[in-house]
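**Student:** Sequence and computational prediction follow.
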Amino acid sequence: MSYQRPVFKEQYENYIGGKWVAPVDGNYFEDTSPIDGELVTRIPQSTSKDIDLAVAAAWEAAPTWNKTTAAERSMLLFRIADRIEENIEQIAVVETCDNGKGVRETLGADLPLVIDEFRYFAGCIRTEAGSVTKVDPELVTMEIHEPLGVVGAIIPWNFPLLMAAWKIVPALAAGNCMVLKPAEQTPVSILILMEIIGDMLPPGILNIVNGFGAEAGKPLASHPGIKKIAFTGETTTGRLIAQYASENIIPVSLELGGKSPNIFLESVMAEDDEFLDKAIEGLVLFALNQGQVCTCPSRALVQESMFEKFMEKCLPRVAAIDMGDPYELTTMMGAQASNDQHQKIMSYLDIGRQEGAELLCGGNVYKHDKYPNGYYIEPTIFKGHNKMRIFQEEIFGPVLSVTTFKDEDEALEIANDTLYGLGSGVWTRDIHQAQKFIDGIQAGRVWVNCYHVYPSGASFGGYKNSGIGRENHHMMLNNYRHTKNVLVSYNKNKMGFF
Amino acid sequence: MTDKVVYVERVSITPAAEKVIDRLRAQHGELMFHQSGGCCDGSAPMCFAIDDFKIGSRDVCMGEIHGCKFYMGADQFEYYRNCETIVDVVEGRGASFSLEIPLGLRFITTSRLYNEGELERVRPVAVG
């Protein structure tokens, strides 16, 4: 099955107050596809003036939307999910064109997870109940939730629609209006989504303003009309956003990446069965989404006793990665998202070589027959040690750094010897051993005998430099609302102090 | 009388990147760099107006490039001790708050491991 490159309008606008609105200053930038390096469309290069318009439109909608019932909001989220599902192929192919990942992934993972996120939160808000406690026979305490009003979000380019959904859905479900800035490499899929679902939304509850971080992201993150800001990206910008949030004393949630260990213990090879086959795929999952995943299992720790035999089985699986046309369903790996990412990954391939890591496969630019101007890199595996920079820094490409360990304690020590703590994986046939790693790993997610599974309702977020807060779980609703305590006394008598 | 030590710099810059700094300085005034970590556009330098980003008390100043101080988080710097960091610029569309992005350009860093002779003469860093 093969899809065609989608046809786009020549130019898109911001989506503000339920309407398509041209940027105030009239400037646009060119959006290109990393698959072929060719123009996709022109996108508004917005400024603080456009952010002001969007925040004002959101506040105009807020008095009504903030007071809708959970039943109304839930129904809307279910309807949006259905509408996305009806148009899944169109949206998935747009996402592939803008981001570079294969339709195999956008159709098989990104879009189904987006749809499920809407349904999950639609369900959550119908089953919630607040808490009411009798402190004494005549004093009752109630915890009541209220939306914050208008919130902001700044979205990354690696899962443009899914990361947008992880922020939009809990915010709307909790009764907030939102102003969202997509990433400048991947601005178009959410605009196509708004064309598809816009008629269902009350005007102003979801506003999309495009542009660059310094010109549009900063005025959004520092806007006094924003009551919470959510960001996924890197650490320096995360610090900057937290700094802006401190100016307005608003909460901030940050998801800032990781250098996730994927640990393979020797019992994995005790049998030659379907579980071994699954574990081999588990190592090769570093190549999912071209390695551009915050939880990319980019450090494989393999028990020394089985290292050579295990890698003998893994390397052919890496060699079998199909790097054909990303619009073909059979293609497993597509293009890196942009030229600068491509160059950065190349610089780390160079650093790995300089540091003396042993190249087990790949290590070069991939020359794509059909798309010579796209940004492709061979899936690459280095063998080295955990103090090397390729083991410590997020490369955000299809580059795996593999090392060995002798025993459980050494594996845990290496796993936790990182500045980050987002994802991790443990592969073993021994449940007691699994428990030791579940307990010992300092990360927000431990996958046991699986990896890269992201069901709605499984919380996602990091320890250490990986950020603050969680997403993708009903606990997020409270990140998007106030808690108001109400104390009601049924006692007619005074306290007696005065 | 002692010989003056000739330091080996920790951070350097290509002529192409210097030209971009000149363009940005004309627009935004004095600038600084902070090397980012983490996902998406991490592992790359961010260029800000000098008063925009609050330098942390533990951030390490690795030196100056074309009149701009270059910082890095202290824990990340531990992995950069043994290499020269070279700031360059490429075409591209990074997503972050770095100032060059609207130009359709992106600063990147490449690295070069010091040899043993150089390691003894690497410029000391300032903290905070």
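**Tutor:** Looks like it came in fine.

**Student:** Kindly provide the distance from A:His474 to A:Ala70.
**Tutor:** 12 Å (C-beta to C-beta, to the nearest Å). Yep, even glycine has a C-beta here, placed from its N, CA and C like the rest.

**Student:** any shared contact partners between the two?
**Tutor:** A:Glu128 (C-beta atoms under 8 Å, 6 or more residues apart in numbering or on different chains).

**Student:** For the nearest residue to A:Ala173 once chain neighbours are set aside, which residues are in contact?
**Tutor:** Nearest non-adjacent residue to A:Ala173, counting by C-beta to C-beta, 6 or more residues apart in numbering or on different chains: A:Phe121, 4.1 Å away. By C-beta under 8 Å, 6+ apart, A:Phe121 lies in contact with A:Leu77, A:Val169, A:Pro170, A:Ala173, A:Ser456, A:His474, A:Leu477.

**Student:** Nearest to A:Phe391 among these?
**Tutor:** When the contacts of A:Phe121 are compared for distance to A:Phe391 (C-beta to C-beta), A:Ser456 wins out at 31.8 Å.

**Student:** Relative to A:Tyr120, how far out is the closest one?
**Tutor:** Counting by C-beta to C-beta - A:Ser456 and A:Tyr120 are separated by 4 Å.

**Student:** B:Gln27 too?
**Tutor:** From B:Gln27 to A:Tyr120 the distance is 45 Å (C-beta to C-beta).

**Student:** more neighbours, the two?
**Tutor:** A:Tyr120 (21 against 11; other C-beta atoms under 10 Å in any protein chain shown).

**Student:** so the more buried one sits right up against A:Ala458, yeah?
**Tutor:** No. A:Tyr120 lies out of contact with A:Ala458 (C-beta atoms under 8 Å); the separation is 10.1 Å.

**Student:** Domain ranges for chain A, per the record?
**Tutor:** A:14-256+A:466-484, A:261-448 (automatic domain parsing).

**Student:** out of those domains, which comes closest to B:Ile13?
**Tutor:** Closest among the domains of chain A, using C-beta to C-beta: domain A:261-448, at 14.8 Å.

**Student:** distance between the closest one and the chain's centre?
**Tutor:** Relative to its chain's centre, domain A:261-448 lies at 19 Å (C-alpha atoms, centre = their mean, to the nearest Å).

**Student:** what's the span of it, first residue to last?
**Tutor:** Counting by C-alpha to C-alpha, to the nearest Å, the length from the leading to the trailing residue of domain A:261-448 is 12 Å.

**Student:** Among the contacts of A:Phe121, which lie within strands?
**Tutor:** Counting by DSSP state E, no part of these is found in strands.

**Student:** Filter these down to just the ones in helices.
**Tutor:** Using DSSP state H, the members of those that fall within helices are A:Leu77, A:Val169, A:Pro170, A:Ala173.

**Student:** give the contact list for the closest residue to the third one other than its chain neighbours.
**Tutor:** Pointing back at A:Pro170 there. Beyond its immediate neighbours in the sequence, the residue positioned closest to A:Pro170 (C-beta to C-beta, 6+ apart) is A:Met476, lying 4.2 Å away. Counting by C-beta under 8 Å, 6+ apart, A:Met476 makes contact with A:Pro170, A:Gly469, A:Arg470.

**Student:** Need the single longest helix in chain B, by residues.
**Tutor:** Max-length helix for chain B by DSSP H is helix B:15-28.

**Student:** Which parts of the stretch 101-250 of chain A are helices?
**Tutor:** With helices called from DSSP state H, counting those that start in this stretch, the stretch 101-250 of chain A shows them at A:103-105, A:111-127, A:160-173, A:188-197, A:218-221, A:235-248.

**Student:** Tabulate these in a markdown table, adding columns for mean pLDDT.
**Tutor:** Output for the helices of the stretch 101-250 of chain A, formatted as a markdown table (pLDDT from 0 to 100):
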| stretch | mean pLDDT |
| --- | --- |
| helix A:103-105 | 98 |
| helix A:111-127 | 98 |
| helix A:160-173 | 98 |
| helix A:188-197 | 98 |
| helix A:218-221 | 98 |
| helix A:235-248 | 96 |
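
**Student:** Please identify the most buried of the ones you listed.
**Tutor:** Among these, ranked by average contacts under mean count of other C-beta atoms under 10 Å in any protein chain shown, first place goes to helix A:160-173 (a mean of 27).

**Student:** now the angle between helix A:111-127 and it, please.
**Tutor:** With axes from the mean of the first three to the mean of the last three C-alpha atoms, to 10 degrees defining the directions, helix A:160-173 sits at 10 degrees from helix A:111-127.

**Student:** who does helix A:160-173 touch, helix- and strand-wise?
**Tutor:** helix A:70-86, helix A:88-99, helix A:111-127, strand A:150-154, strand A:177-181, helix A:188-197, strand A:229-232 (3 or more C-beta pairs under 8 Å, 6 or more residues apart in numbering or on different chains; DSSP states H and E).

**Student:** what does the stretch 101-250 of chain A have sitting close to chain B?
**Tutor:** A:156-158, A:183-185, A:212-215, A:217-218, A:232-240, A:243 (C-beta under 8 Å from any C-beta of the partner chain).

**Student:** what stretches of the stretch 1-150 of chain A score poorly on pLDDT?
**Tutor:** For the stretch 1-150 of chain A, not a single residue meets the criterion pLDDT under 70.

**Student:** give me the residue from it nearest chain B.
**Tutor:** A:Gln45 (7.1 Å; C-beta to the nearest C-beta).

**Student:** Excluding residues flanking it in the chain, which one is nearest that residue?
**Tutor:** A:Asn27 is the one closest to A:Gln45 (C-beta to C-beta, 6+ apart), at 4.1 Å.

**Student:** State the distance from that neighbour to A:Gly211.
**Tutor:** 9 Å.

**Student:** Which of those two has more residues huddled nearby?
**Tutor:** Each of A:Asn27 and A:Gly211 has its neighbours counted (other C-beta under 10 Å); A:Gly211 has more, 28 against 15.

**Student:** Just want the phi and psi numbers for the more buried one.
**Tutor:** phi 150, psi -170 (degrees, to the nearest 10).

**Student:** was I right about it contacting A:Thr47?
**Tutor:** Yes. Using C-beta under 8 Å, A:Gly211 is in contact with A:Thr47, at 7.0 Å.

**Student:** list residues touching both of those two?
**Tutor:** Counting by C-beta under 8 Å, 6+ apart, the residues touching both A:Gly211 and A:Thr47 are A:Pro23.

**Student:** sorry, back to before: show me the residues around the residue of the stretch 1-150 of chain A closest to chain B that make contact.
**Tutor:** A:Pro23, A:Asp25, A:Asn27, A:Tyr28, A:Phe29, A:Asn210, A:Gly211, A:Phe212, A:Glu215, A:Ala216, B:Pro102.

**Student:** Please pick the buried ones from those residues.
**Tutor:** Taking 16 or more other C-beta atoms under 10 Å in any protein chain shown as the criterion, what is buried in those is A:Pro23, A:Tyr28, A:Phe29, A:Asn210, A:Gly211, A:Phe212, A:Glu215, A:Ala216, B:Pro102.

**Student:** Sitting in strands, which of these do you find?
**Tutor:** A:Tyr28, A:Phe29.
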